[in-house]
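Enquirer: Pasting a predicted model and its sequence here:
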Amino acid sequence: MKLLLLSNSTAPGHDYLEHALDEILDILGTVRQLVFVPYALADHDAYTAKVADALAPRGVEVTGVHTAADPAAAVREAEAVFVGGGNSFRLLKALHAHGLVSAVRERVADGAVYLGSSAGTNMACPTLRTTNDMPIVQPPTFEALGLLPFQINPHYLDASPDSTHMGETRAERLEQFLEENDITVLGLREGTWLRREGDRLTLGGTSAGAVLFRRGQKPEEIAAGRDLSHLLTLPAHFDQR
């Protein structure tokens, strides 16, 4: 299984996907065509064009899955699938509506490359329940693709001592999640990503790193470059209280 899961698709001072282009090309290998899933945003054509513009200079051809008469069939024939960011509730609802949950799972298990950014990264988890998004629509279930046995919180933000915000910090919200769900959560800071190839999982990107949350344990700082393959052996279940 080959996965590249970005916390964010745009980094400060860079064009769309620019900060991760080398990593994207590396995991694609010889693949030069991918199917893009734009359902997290409302304008599917414009979103697909944005991805195509970013990847065309590197020789990668992008086709929007929404243009296919049968989106699930298009995914099953793809060498690579890129699920873009946006609203994860809208995205998951569309994935279920178009039969793409099983189609993506099966195709990735058969060797296709899976690229995700933000909401697309959330989709690789067992469920979307560690998203940061507002539930603007209601998917039939919170069950996502389950390409990993743990949860991810993209765009993870550390609390600022100078902030006047009086609501929960991101860390506090994830600790509340763990009070109800016994499953590991990895908070990906901006500019970072996870890369999986077979049974090997590594944290890449900027030196910002990530934070690992587990029920009953203190959050653990994870440095960029660290091997996280042991997380792939975790049980992919929720022990809800």
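Expert: Noted; the coordinates are in hand. Note that the structure is a prediction, hence the values are computed from the model and not measured. Numbering: from 1, shown residues only.
Enquirer: How much space separates D45 from R90?
Expert: 16 Å (C-beta to C-beta, to the nearest Å). In short, each C-beta sits where N, CA and C put it, glycine included.
Enquirer: next one: N181
Expert: From N181 across to R90, the span is 23 Å (C-beta to C-beta).
Enquirer: Relative to K2, how far out is the nearest residue to R58 once chain neighbours are set aside?
Expert: Residue nearest to R58 in three dimensions, not counting chain neighbours: L25, with 5.6 Å by C-beta to C-beta, 6 or more residues apart in numbering. According to C-beta to C-beta, L25 stands 13 Å off from K2.
Enquirer: Centre of the chain to the strand or helix carrying L178, how far?
Expert: Using DSSP states H and E, L178 maps to helix 170-180. Here helix 170-180 is found 19 Å from its chain centre; the criterion is C-alpha atoms, centre = their mean, to the nearest Å.
Enquirer: Quick check: buried residues in that helix?
Expert: By neighbour count on 16 or more other C-beta atoms under 10 Å, the buried set for helix 170-180 is 170-171, 174, 177-178.
Enquirer: pretty sure the residue nearest to R58 is in a helix, no?
Expert: Yes - according to DSSP: H, G, I helix; E, B strand; the rest coil, L25 belongs to a helix.
Enquirer: Which of L25 and K2 has more residues huddled nearby?
Expert: Under the criterion of other C-beta atoms under 10 Å, the comparison of L25 against K2 puts K2 first, with 18 against 15.
Enquirer: all strands for this protein, in order.
Expert: Ranges of strands within the chain are 2-6, 33-37, 61-64, 80-83, 113-117, 151-156, 185-189, 192-197, 200-205, 210-213, 220-222, based on DSSP state E.
Enquirer: ok, and the closest non-adjacent residue to the spatially most central residue of the chain?
Expert: Nearest residue to the geometric centre of the chain (C-alpha atoms, centre = their mean): T121, 0.4 Å. In space, and not counting its chain neighbours, T121 is closest to L5: 4.2 Å by C-beta to C-beta, 6+ apart.
Enquirer: Do I have it right that that neighbour meets W193?
Expert: Yes - here L5 reaches W193: they are 5.8 Å apart, a contact under C-beta atoms under 8 Å.
Enquirer: surely the residue nearest to the centre of the chain meets S7?
Expert: Yes - between T121 and S7 there is a contact at 6.8 Å, judged by C-beta under 8 Å.
Enquirer: overlap in contacts of these two?
Expert: Contact criterion C-beta atoms under 8 Å, 6 or more residues apart in numbering; residues shared by T121 and S7: 154, 188.
Enquirer: Where does the prediction get shaky in this structure?
Expert: 159-167, 236-241 (pLDDT under 70).
Enquirer: which residues of it fall in helices?
Expert: Here the chain has its helices, by DSSP state H, at 21-28, 44-55, 71-76, 88-97, 100-109, 119-122, 170-180.
Enquirer: Let me have those in a markdown table, extended by distance to G198.
Expert: As requested, these are exported to a markdown table (distance: least, C-beta to C-beta, whole Å):
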| stretch | distance to G198 |
| --- | --- |
| helix 21-28 | 12 |
| helix 44-55 | 25 |
| helix 71-76 | 21 |
| helix 88-97 | 25 |
| helix 100-109 | 12 |
| helix 119-122 | 19 |
| helix 170-180 | 28 |
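Enquirer: which one of those has the most crowded surroundings?
Expert: helix 119-122 (a mean of 28; mean count of other C-beta atoms under 10 Å).
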